[in-house]
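>>> Structure for this input, please:
(one chain, ligands or ions: 1)
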Amino acid sequence: SHGYFTYDPGFMATASCQSNITYIDGDNGILLYRGYPIEQLAKSANYLEVCYLLLYGEAPTAKQFEKFQHNIMRHTMVHEQLSSFFKGYRRDAHPMAIVCGVIAGLSAFYHDPMDITDQSHREIAAHRMIAKLPTIAAMAYKYSIGQPFVYPRNDVSYAGNFLQMMFAVPCEDYKVNPIVERAMDRIFTLHADHEQNASTSTVRLAGSSGANPFACIAAGIASLWGPAHGGANEACLTMLEEIGSVDRIPEFIARAKDKDDPFRLMGFGHRVYKNFDPRATVMRETCHEVLDDLKIEDPLLDVAMELERIALSDPYFVDRQLYPNVDFYSGIVLKAVGIPSSMFTVIFALSRTVGWMSHWNEMMSDSKQKIGRPRQLYTGAPERDFHTQVEK
Ligand code: SDX
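Residues are numbered from 1 along each chain as shown. Below you'll find the model as predicted:
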């Protein structure tokens, strides 16, 4: 009770939302997309199959997948005029600033004819977002390094297309490395959805007012950017680089435990997982596979492994159930495949677009859905008379 009124804790329990898309058991480190364990999907399905599963609730048949893949890959180009959006940004703008702005701008290109109360129009919106995010993400990167935009291609995979838009140049052929392509596709899957995290809740709240899906996804991208959320992958690599070598780990562990020091171990801890984040386990395996396959010796992997070992034997972290999360190893894998750290959260946003669109569609399909309106607990001044204030 706060003096003015008591509130029913049970009310807080009813404040959560209902969904049949993703299930997380934080105590036991379980993550299911439409009932399928993330460990199995990451190794046995490709990202577009996972997109189909998240959007429609069932894994696609071969015929369904062929049609879905065609629908996505045939819409990877963006309106030619959209490229002028990029020119308004300074060259050194963070790619997340560019992607967030350009996605919101899609509202002006693709939304008008759309009736989002019509399921078939919502399906088109989902397909367009999944198709165009990689193109816009790669354009943001090309713009930041002063290279020409590279058009999408329909004769390569979804992950392969992203890589060629990122790294191809007009003056020479680009061949997608299958090891890198497989790692990229798996990273997309591991980040595809995660129940009611901050950015997904942002998309659902924005969508509950009837805002167009492109504006809702832009809102989700803005929320994801924070270092406590999707920005942690970039912050984690920066932290590992700052630590630099295993002998400096104790210094950073001490800082993470120091209440007066705002420093936290990036890539550690989670609002829900009080056990291993199953994505982190797959990401660690992928890290070893990719570095071995590409014959890369990255000292940051040794730092990450030793940091994990020390933290997981330290009572501060054990007592608080702080384990590595999806962001702890992803940066090392992305760095190994040549992605600059400024693009890490952009790739998280690209991957999560299908999760955001699946939740947006689930919410919009619920005819009883009302506008989101979180309640508050008022702890401010009681009612008082302004005139007595003015007379003073
Ligand atoms: C993602 O929600 C999702 O699903 C998100 C996500 C997704 O897929 O959408 O999984 C993606 O955002 C993963 C999280 C990425 N963020 C980071 O790695 C940033 C570093 N982690 C922390 O900032 C933190 O762990 C959070 C933000 C993730 C959770 O913060 P909480 O809710 O405050 O953590 P908590 O309540 O479990 O903290 C309990 C204690 C606190 O100390 P005490 O007050 O009990 O003394 O643990 C401490 C915290 O200060 N703590 C940490 C810590 N994380 C929590 N101390 C040092 N280092 C850390 N990383």
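>>> beta partners of whichever residue of the stretch 1-150 of the chain sits closest to the ligand?
Of all residues in the stretch 1-150 of the chain, residue 24 sits closest to the ligand, at 7.3 Å by CB to the nearest ligand atom. Backbone N, C-alpha and C define where each C-beta goes, glycine included. Assessed by DSSP bridges, residue 24 has beta-bridge partners residue 31.
>>> I figured it hits residue 30, correct?
Yes. In terms of CB atoms under 8 Å, residue 24 counts as a neighbour of residue 30; the distance is 6.8 Å.
>>> Going by neighbour count, list what's buried in the longest helix along the chain.
In the chain, taking DSSP state H as the definition, the longest helix is helix 119-144. By neighbour count, and taking 16 or more other CB atoms under 10 Å as the criterion, the buried residues in helix 119-144 are 122, 124-144.
>>> So for the chain, the centremost residue is which one?
Nearest to the geometric centre of the chain sits residue 348, at 3.5 Å (CA atoms, centre = their mean).
>>> just checking, it is part of a strand?
No. Counting by DSSP: H, G, I helix; E, B strand; the rest coil, residue 348 is not part of a strand but helix.
>>> Show the contacting residues for it.
191, 224, 230, 233 (CB atoms under 8 Å, 6 or more residues apart in numbering).
>>> so what secondary structure elements neighbour the longest helix of the chain?
With contacts defined as 3 or more CB pairs under 8 Å, 6 or more residues apart in numbering; DSSP states H and E, the secondary structure elements packing on helix 119-144 are helix 47-56, helix 62-73, helix 83-87, helix 95-105, helix 158-167, helix 213-224, helix 344-364.
>>> which stretch among these comes nearest residue 299?
helix 344-364 (18.8 Å; CB to CB).
>>> correct me, but residue 203 touches residue 220?
Yes. Applying CB under 8 Å, one finds residue 203 in contact with residue 220, separated by 4.0 Å.
>>> Looks like residue 51 contacts residue 354 (just checking).
Yes. In this structure residue 51 lies within contact range of residue 354 using CB under 8 Å: 4.4 Å.
>>> what's the overlap in contacts for these two?
The overlap between the contact sets of residue 51 and residue 354 (CB under 8 Å, 6+ apart) consists of 130, 192.
>>> For the stretch 251-392 of the chain, which residues are neighbours of the ligand?
Within the stretch 251-392 of the chain, the positions adjacent to the ligand are 256, 264-272, 320, 322, 325-327 by CB under 6 Å from any ligand atom.
>>> ok, those residues vs the ligand, which is closest?
Nearest to the ligand out of these is residue 269 (CB to the nearest ligand atom; 2.3 Å).
>>> Tell me who's in contact with the residue nearest to that closest one when sequence neighbours are not counted.
The shortest distance from residue 269 to any residue that is not its chain neighbour, by CB to CB, 6 or more residues apart in numbering, is 4.4 Å, and that residue is residue 322. By CB under 8 Å, 6+ apart, the contact list for residue 322 reads 265, 268, 269, 311, 316.
>>> Can I get those in TSV including pLDDT, neighbour count and distance to residue 159?
As requested, the contacts of residue 322 are exported to TSV (pLDDT from 0 to 100; neighbours: other CB atoms under 10 Å; distance: CB to CB, whole Å):
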residue	pLDDT	neighbour count	distance to residue 159
265	93	21	30
268	91	24	28
269	91	21	29
311	92	22	32
316	95	12	38
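>>> Just send these back as CSV, with secondary structure too.
Compiled in CSV, the contacts of residue 322 are given as follows (three-state DSSP):
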residue, secondary structure
265, coil
268, strand
269, coil
311, helix
316, helix
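>>> So what's the residue count around the closest residue in space to residue 142 that isn't next to it in sequence?
Here the nearest residue to residue 142 in space, its sequence neighbours aside, is residue 149; by CB to CB, 6+ apart that works out to 5.2 Å. Close neighbours of residue 149, defined as other CB atoms under 10 Å, add up to 16.
>>> Quick check: phi and psi on residue 149?
According to degrees, to the nearest 10, the main-chain angles of residue 149 amount to phi -60, psi 150.
>>> what does the model give it for pLDDT?
The confidence metric pLDDT takes the value 97 at residue 149.
>>> correct me, but it touches residue 83?
Yes. With contacts defined as CB under 8 Å, residue 149 counts as touching residue 83 at a distance of 6.2 Å.
>>> Check the contact between residue 268 and residue 325; I expect there is one.
Yes. Applying CB under 8 Å as the test, residue 268 and residue 325 come out as touching, 6.8 Å apart.
>>> so where do the strands sit in the stretch 251-392 of the chain?
Listed from the start of the chain, the stretch 251-392 of the chain has no strands (DSSP state E, counting those that start in this stretch) to report.
>>> residue ranges with poor pLDDT in it?
Low-confidence segments of the stretch 251-392 of the chain (pLDDT under 70): 391-392.
>>> can you do 80?
Low-confidence segments of the stretch 251-392 of the chain, defined by pLDDT under 80: 389-392.
>>> could you pull out the helices for it?
278-293, 299-311, 315-319, 327-336, 344-364, 386-391 (DSSP state H, counting those that start in this stretch).
>>> Touching the second one from outside, list them.
Outside of helix 299-311, the residues within contact range by CB under 8 Å, 6+ apart are 237, 240-241, 243-246, 249-250, 252-253, 256, 265, 268, 287-288, 291, 317, 322, 324, 328-329, 332, 335.
>>> Can you select the buried ones from the residues you listed in PyMOL?
Command for PyMOL that selects the buried part of the contacts of helix 299-311, burial taken from 16+ other CB under 10 Å:
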select buried, resi 237+240+243+246+249+252+253+256+265+268+287+291+317+322+324+328+329+332+335
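>>> Identify the nearest residue to residue 126 in space, disregarding sequence-adjacent positions?
The shortest distance from residue 126 to any residue that is not its chain neighbour, by CB to CB, 6+ apart, is 4.1 Å, and that residue is residue 357.
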